[in-house]
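Sharing a sequence plus its predicted fold:
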Amino acid sequence: MLGSGYLTTILFLPAVGAVLVAFVLSNRDRVIKWTAALFTFVPLALSLILFALFDRSPEAAGLIQFQERALWIAPINAYYHLGVDGLSLPLMVLTAFLGFLAVLISWKIHLRVREYFAWLLLLETSILGVFLSLDLLLFFIMWEIEVIPMYFLINIWGAGRKEYSAIKYVVYTLFGSAFMLAGILSLYFTTGSLNMVEIGQRGLGLVQSIMPAAPIFWLLLIGFAVKLPVFPFHTWLPDAHTDAPTAVSVMLAGVLIKMGGYGMIRLCVTMFPPVAQQYAVILVILAIIGVLYGAAVTMRQTDFKRLIAYSSISHMGYVLLGIFALGKVSLVGAALQMFSHGLVTGLLFAMVGLVMHNAHERDLRKLGGLARQVPIITVVFSIAGLASLGLPSTSGFAAEFLVFVGSFSSSLVPGIQVYTILGVFGVVVTAGYILWMLQRVFYGPPLEQYDGTADADVLERVYMFAFVAVIMLVGIYPAIITDIIKLGISPIAGMLGG
Amino acid sequence: MNLALFIPEIALLATAAIVILLDLFIEQKRWLAQVSISGLVISGGVAIAMWGGSYPAIFNNMLAVDNFALFFKMLFLGVAFLVILSSTDYVSKFSRFQGEYYALVLLATLGMMLMAATTNLIAIYIALELTSISLYALVGFLKDSKSTEASLKYLLLGAIASAVLLYGMALVFGFTGKTQLSEIAQVLQALPQTTLLASPGLLLGVVLLVAGFGFKIAAVPFQMWVPDVYEGAPTPITAYLSVASKAAGFAIILRVFFSAFGIPVWLSQNWGLIFASLAVISMTIGNITAIPQTNIKRMLGYSSIAQAGYLMVGLAAMGMASGISILGQSGVLFFLTSYAFTNLGAFIAVIAISNKLDSDLIADYSGMGKRAPLLALALTLCLVSLIGMPPAAGFMAKFYIFNAAVQHGLLWLVIIAVINSVISAYYYLRVVKVMWLGETASAEKVPSSGALRLALLLCCLGVLLLGIIPGYAMGLAQFAANIFVY
């Protein structure tokens, strides 16, 4: 049965745009950029419509909405199966939002424009596909397709050690997904099904009668852990984020690494609740190491962009903590943190790109006093920084607060209170490096060599304020997102008994 | 006996004879390719018309006319079609023997079609030799030093492999007194396990068969000939070798090991394990030795060794399942089909590029993305498919064959295989990187003929179709593999 076709349209419009840009349209920069903007704006508009139409009543908890399902590969019983629930809807909206803004952020690209936008659009389709797929094979295909656009985007339009970073990214990702493929095959072998919803609902009985569930759990988890990234699989992240072009860093930090967290909740926790509980302590400890180690390393960075990149490791530690604290509130917090981090870090990367582009400098030791020269950038950057350290009234606060409260009160993981308190120290360090960075770049005495540095132009202001508006909206009224997330999380929490 | 069932083979043989004779009389040599292609089309048409039926075996039960054989006939004919299409430019440069070239390709195809159909050890040997001798001549067709060296190497090692194979067959025959595969199986099943285990002759025979066939499919440790032969042979013939010859080897392994040694279970599990270990060695050595290669034909040679490793994962699954399930077999068939499109596509792109560059060095592919964007895109697609990444056929093939292995308790083998795929990404992507990121040595465009472009287009379409909607092809593979049910 094919449903309304909304999701298919959202999913494939960017890919259609990519094909048009690559093969059909004339090779004029303006045509290509406007096409790309159109083919990312329509999915954004549609996903906002779905966001409005989404059934938020309590009876809809755990329901998959806007489902589309059609037989795809009969011999292996694979379906073309799309749908959103409370967990995936916010991530879909976020991807569409960042996908559109990434095109705007890329407006000043002049090198091999046609290829660039084709890959960028293809990237959006594959990320959307990960969040929308409800069939394991489709999910995995979307997961893998993303690698190729990323490889080219970092390799051709990146900076610094771009070739090294690109191949490192590819090898890490493929390494993780290799294990994930083995996990998916085992899951298919034990359950005979590729339907993610069905496997989750049916429970582990069938799996365990054929082979132990723990190895499958770990095979899947490695794939997601590389992506999130979880310490010690994180070393690709600073390289890839730092050397990618600005818009790609925004997509990478904004939504790509969220695929890891999403996969953990959707597959590892939903399908293997007892196993997740059994090994939760290990993962919580890794989360805390990630939070503290990531924050400490961030403190020492002297490269502007690398600093933001490292801060992601620390912030993703909160996501991991929230997920494997396994409480209802902590899971909601983790999902909200993914959404919030996507916005905040997306904005931070966009701003860093702007500063680097306009001031031609990325070394924190050489930057300084830019507040006088670029006041608008300074204000927006400060807001983004404050959101990143979790200031109340920004989305960062709501998310981290829920993670900490939820984890602390979770009863499923022994010793979670201690770990949570250790994690809270990460916030202190975060405040330290964010404020220190703001001080080093924008405040202090203005430097002569930055006189005449351009401030944000109209287009840049548009996307900056779009980011800020959403960050504040979610910060002041988080229920707009959390009401939806809860619908997705509550059946999972119900299975965990937390 | 009904000769009508032999029409695909007769048509091919007749075409080969006509091509050689025509070569003596006509001036316009391009007609030779067209005659060969029409022969392939006729033969293929008949094979397609026969698909799905059930026919008696012919030639005193030497040749089966089942769907398994028909599946491979269609595959070989398709491959030969694409190879001839992509050879036309290349061959038109030859001053002499153009007719012989096409005729030999057709005869090798005929040999492979027989290989897929034979159910008797003696017939297997004859079909194998028909294929091999045609290929020895084709490999040496350029007559320059590299091509001659390749041909000689192939001939010598091939002869040794044939001898080993023959010895294995002799041992099996000596033990069972039969050459017909099904009769061998009957003898083995009638004997108690202790007798079988106490007779090293039989087990040695099985091992020697593995070695002899292992040469054909280029499995480690029988792969020594691959890089030199691949590098020295005319590129269309390299493509042909890497795809059709390998597929024929797998066809014969599937049939022999299933029909003759599929039961008792312990025996099939034993050879299943042999193939599993060969798979591990082939994948790992193939992939690791491919990394430092600088010549793209050599690199694809090593990569084809690794691909044979993935294919043997399916053989291992077949051994483990011992006739209960056909997943492993249909996995091998589907993998071979998608591998045929993928590898042919890669080689055809290489042919087109080296026609212009006169070089097979990866470094000379620098900037190909600017000089020939569509060729570079096609080659990129094929390389991505060889890595086994979606949306290309290679992914579906691996998914399907690894699924078979997991279903039969070979999760460990699958984990080794997927890690190997990651290693392979490194050297395949290196070519991609050189093409799209490297500086162009010259801005000159790379022209390609219509026939070559058509062949490449067909391959790319195949790669995408099998990658995105593989259901139909998987169904065909399962249908063909249905002969493997007791």
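That came through fine. Remember, predicted model here, so these are calculated numbers, not experimental data.

what about chain B, any weak spots by pLDDT?
B:1, B:322-323, B:486 (pLDDT under 70).

Which residues of it lie near chain A?
Residues of chain B found near chain A (CB under 8 Å from any CB of the partner chain) are B:330, B:384, B:389-391, B:395, B:399-400, B:402-403, B:406-407, B:411, B:414-415, B:418-419, B:421-422, B:425-426, B:429, B:432-433, B:436-437, B:469-471, B:474-475, B:478. For the C-beta atoms, the positions are set from N, CA and C on the backbone; glycine is no exception.

do that again at 7 Å, thanks
Selection of chain B residues close to chain A by CB under 7 Å from any CB of the partner chain yields B:384, B:389-391, B:400, B:402-403, B:406-407, B:411, B:414-415, B:418-419, B:421-422, B:425-426, B:429, B:433, B:436-437, B:470-471, B:474-475, B:478.

Distance of the nearest residue to A:Leu204 once chain neighbours are set aside relative to chain B?
Among residues not flanking A:Leu204 along the chain, A:Ala213 sits closest, at 5.4 Å (CB to CB, 6 or more residues apart in numbering or on different chains). A:Ala213 sits 13 Å away from chain B, going by CB to the nearest CB, to the nearest Å.

quick one: pLDDT of A:Ala213?
Listed pLDDT for A:Ala213 reads 88.

Surely it and A:Ala276 touch.
No. A:Ala213 lies out of contact with A:Ala276 (CB atoms under 7 Å); the separation is 10.0 Å.

domain ranges for chain B?
B:1-261, B:262-486 (automatic domain parsing).

and of those, who's closest to A:Val170?
Minimum separation from A:Val170 across these (CB to CB) falls at domain B:262-486, 6.2 Å.

What number of residues are in the vicinity of the residue nearest to A:Leu204?
A:Ala213 has 20 neighbouring residues, counting by other CB atoms under 10 Å in any protein chain shown.

swap in A:Val21?
If you count neighbours by other CB under 10 Å, A:Val21 ends up with 26.

didn't it look like it was pressed against A:Trp119?
No. A:Val21 is not in contact with A:Trp119 according to CB under 7 Å; the separation is 9.6 Å.

Go through the domains of chain B and pick out the most buried.
Sort the domains of chain B by mean neighbour count, taking mean count of other CB atoms under 10 Å in any protein chain shown, and domain B:262-486 sits at the top with a mean of 22.

for the stretch 1-150 of chain A, what spans make up the strands?
Ranges of strands in the stretch 1-150 of chain A, per DSSP state E, counting those that start in this stretch, are A:65-73, A:78-84.

what's the most buried one of these?
strand A:78-84 (a mean of 23).

hmm, back to that, of the domains of chain B, which is nearest A:Leu53?
For the domains of chain B, proximity to A:Leu53 was assessed by CB to CB; domain B:262-486 is nearest, at 29.9 Å.

can you give me the offset of the closest one from its chain's centre?
Distance of domain B:262-486 from the chain centroid (CA atoms, centre = their mean, to the nearest Å) equals 11 Å.

swap in stretch A:326-334?
On the basis of CA atoms, centre = their mean, the separation between the geometric centre of stretch A:326-334 and that of its chain is 17 Å.

Just the buried residues of that stretch, please?
Buried residues in stretch A:326-334, counted by 16 or more other CB atoms under 10 Å in any protein chain shown: A:326-334.

Same list (those) but as a markdown table, adding pLDDT.
Converted to a markdown table, the buried residues of stretch A:326-334 look like this (pLDDT from 0 to 100):
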| residue | pLDDT |
| --- | --- |
| A:Leu326 | 92 |
| A:Gly327 | 90 |
| A:Lys328 | 91 |
| A:Val329 | 92 |
| A:Ser330 | 93 |
| A:Leu331 | 94 |
| A:Val332 | 94 |
| A:Gly333 | 94 |
| A:Ala334 | 95 |
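
Serialize the domains of chain B to JSON lines and add fields for distance to A:Arg306.
JSON lines is the format used below for the domains of chain B (distance: least, CB to CB, whole Å):
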{"stretch": "domain B:1-261", "distance to A:Arg306": "43"}
{"stretch": "domain B:262-486", "distance to A:Arg306": "23"}
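
Quick check: mean pLDDT of stretch A:39-59?
Mean predicted lDDT for stretch A:39-59 stands at 92.

what does stretch A:259-267 give?
Mean pLDDT, stretch A:259-267: 94.

ends of it, how far apart?
Using CA to CA, to the nearest Å, one end of stretch A:259-267 lies 11 Å from the other.

Check stretch B:193-208 too.
Across stretch B:193-208, first to last residue, CA to CA, it's 21 Å.

coming back round to it: which of the residues of chain B next to chain A fall in helices?
Those of the residues of chain B next to chain A mapping onto helices are B:384, B:400, B:402-403, B:406-407, B:411, B:414-415, B:418-419, B:421-422, B:425-426, B:429, B:433, B:436-437, B:471, B:474-475, B:478, per DSSP state H.

Can you tell me what sits against stretch B:137-145?
B:101, B:104-105, B:108, B:147-148, B:150-151, B:154, B:229, B:232-234, B:237 (CB atoms under 7 Å, 6 or more residues apart in numbering or on different chains).

Out of the domains of chain B, flag the one nearest A:Leu447.
Here domain B:262-486 is closest among those (CB to CB), at 36.2 Å.

Identify the residues contacting the residue of the stretch 251-400 of chain A found nearest chain B.
Nearest residue of the stretch 251-400 of chain A to chain B (CB to the nearest CB) works out as A:Met259 at 15.1 Å. Applying CB under 7 Å, 6+ apart, we find A:Met259 in contact with A:127, A:130, A:143, A:227.

cool, B:Ser259 as well?
If you count contacts by CB under 7 Å, 6+ apart, then B:Ser259 has B:119, B:181-182, B:185 around it.

export the residues you listed to TSV and tack on secondary structure?
Output for these, formatted as TSV (DSSP: H, G, I helix; E, B strand; the rest coil):
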residue	secondary structure
B:Thr119	coil
B:Leu181	helix
B:Ser182	helix
B:Ala185	helix
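
As TSV, those with distance to B:Lys297 would be great.
Listed next are these as TSV, based on distance: CB to CB, whole Å:
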residue	distance to B:Lys297
B:Thr119	36
B:Leu181	36
B:Ser182	41
B:Ala185	41
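
from these, which is closest to A:Val269?
For those, the residue nearest A:Val269 by CB to CB is B:Ala185; the value is 50.1 Å.

Just list the residues touching A:Tyr79, thanks.
For A:Tyr79, the contact set (CB under 7 Å, 6+ apart) comprises A:69-72, A:135, A:195.

Quick one: low-confidence residue ranges for the stretch 301-450 of chain A.
For the stretch 301-450 of chain A, applying pLDDT under 70 flags no range at all.

nope, the stretch 1-150 of chain A is what I meant
Short version for the stretch 1-150 of chain A, where the test is pLDDT under 70: A:1-3.

Residue numbers of it in contact with chain B?
A:72-76, A:141, A:144-145, A:147-148.

do the same with the stretch 151-300 of chain A
A:151-152, A:155-156, A:167, A:170-171, A:174-175, A:178, A:181-182, A:185-186, A:188-189.

ok, 10 Å please
A:151-152, A:155-156, A:162-163, A:166-167, A:170-190, A:192, A:211, A:215-216, A:219 (CB under 10 Å from any CB of the partner chain).

Would you mind writing the CA trace of stretch B:466-482 as PDB?
Extracted in PDB, the C-alpha atoms of stretch B:466-482 (Å, rounded to 0.1, in the frame of the first residue of the first chain):
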ATOM      1  CA  LEU B 466      20.300  -4.900 -10.400                       C
ATOM      2  CA  GLY B 467      21.200  -2.600  -7.600                       C
ATOM      3  CA  ILE B 468      17.800  -0.800  -7.300                       C
ATOM      4  CA  ILE B 469      15.200  -3.400  -8.300                       C
ATOM      5  CA  PRO B 470      17.000  -6.700  -8.100                       C
ATOM      6  CA  GLY B 471      13.900  -8.700  -7.400                       C
ATOM      7  CA  TYR B 472      13.400 -10.100 -10.900                       C
ATOM      8  CA  ALA B 473      17.000 -11.200 -11.300                       C
ATOM      9  CA  MET B 474      17.000 -12.800  -7.900                       C
ATOM     10  CA  GLY B 475      13.900 -14.600  -8.900                       C
ATOM     11  CA  LEU B 476      15.600 -15.900 -12.000                       C
ATOM     12  CA  ALA B 477      18.600 -17.000 -10.000                       C
ATOM     13  CA  GLN B 478      16.400 -18.900  -7.600                       C
ATOM     14  CA  PHE B 479      14.500 -20.500 -10.400                       C
ATOM     15  CA  ALA B 480      17.700 -21.700 -12.000                       C
ATOM     16  CA  ALA B 481      19.000 -22.900  -8.700                       C
ATOM     17  CA  ASN B 482      16.000 -25.100  -8.200                       C
END
